[in-house]
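S.K.: have a look; sequence and predicted model below, questions after that.
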Amino acid sequence: MKVDKTKAAWLYPGDKRHEAEFRAAGAQHFIEIGGKHETWRDAVRQVRDGDTVFIWVLVRVPTKRGKDELSPVGQVREVIREIEARGGVLIEVYTGRRSSKAADKSAMIADAQRSLKTAGRRLLPPGHASPGRRERKFTPEEWALAETIWRDVRKFPSWEFVQQHLPEGFTTARAFRKWGARGAAPSRR
């Protein structure tokens, strides 16, 4: 059976879990970067006129600083330029953006460069990052009880004692952000 190499996915370490998404996007052939092909420069040599290259997200493409003549931020533009110079199209599977559309191409480049400039703290494009932990919801009664406990310095003199009596899931940090400092315990004169 001959595999059509015109729809190739570049798999980076950790991308194997997304193999089903690559196949759903249309990838038929997988090229592992870091295996036989050490960098994207090795893999881009296989691109021919009319090929489609699938990647999970463009920020994964650059190599480490010092391992390439360009900086990681410069490599982001260069990979798209190289693929298009050879007649191919780059598709970012995670966002669905294509390098053949000017708006998509500039958005892909901007997101990848922004992520690289923030040292990877924002690996994914806006709107695609995981939302984090859900905010805990408290009833009005729980809020009132927590405020009463927080404000009553006589019955609850220490933060540890306050934490024991607050509603479940309510923290002293949340109470401090909401109502500020507790104030000093009344002194005896």
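M.R.: Perfect, thanks for sending it.
S.K.: so, low pLDDT: which residues of this structure?
M.R.: The model of the chain has pLDDT under 70 over residues 1-5, 14, 63-66, 119-132, 184-189.
S.K.: domains in it, by residue range?
M.R.: 7-117, 140-179 (automatic domain parsing).
S.K.: what about the first one, how long is it end to end?
M.R.: From the first residue to the last, domain 7-117 extends over 30 Å; the measure is C-alpha to C-alpha, to the nearest Å.
S.K.: show residues contacting the one helix or strand residue 79 maps to.
M.R.: Assigned by DSSP states H and E, residue 79 falls within helix 72-85. With C-beta atoms under 8 Å, 6 or more residues apart in numbering as the test, helix 72-85 has contacts from 40-41, 44, 47, 51, 53, 58-59, 61-65, 68, 70, 89-90, 99, 105, 108-109, 112-113, 116-117. Bear in mind the C-beta positions are built from the backbone N, C-alpha and C, glycine included.
S.K.: which of those fall within helices?
M.R.: Judged by DSSP state H, the contacts of helix 72-85 include 40-41, 44, 105, 108-109, 112-113, 116-117 as members of helices.
S.K.: mind listing what's buried in stretch 81-90?
M.R.: Using 16 or more other C-beta atoms under 10 Å as the test for burial, stretch 81-90 gives 82-83, 86, 88-90.
S.K.: tell me how far residue 112 lies from residue 62.
M.R.: According to C-beta to C-beta, to the nearest Å, residue 112 and residue 62 sit 8 Å apart.
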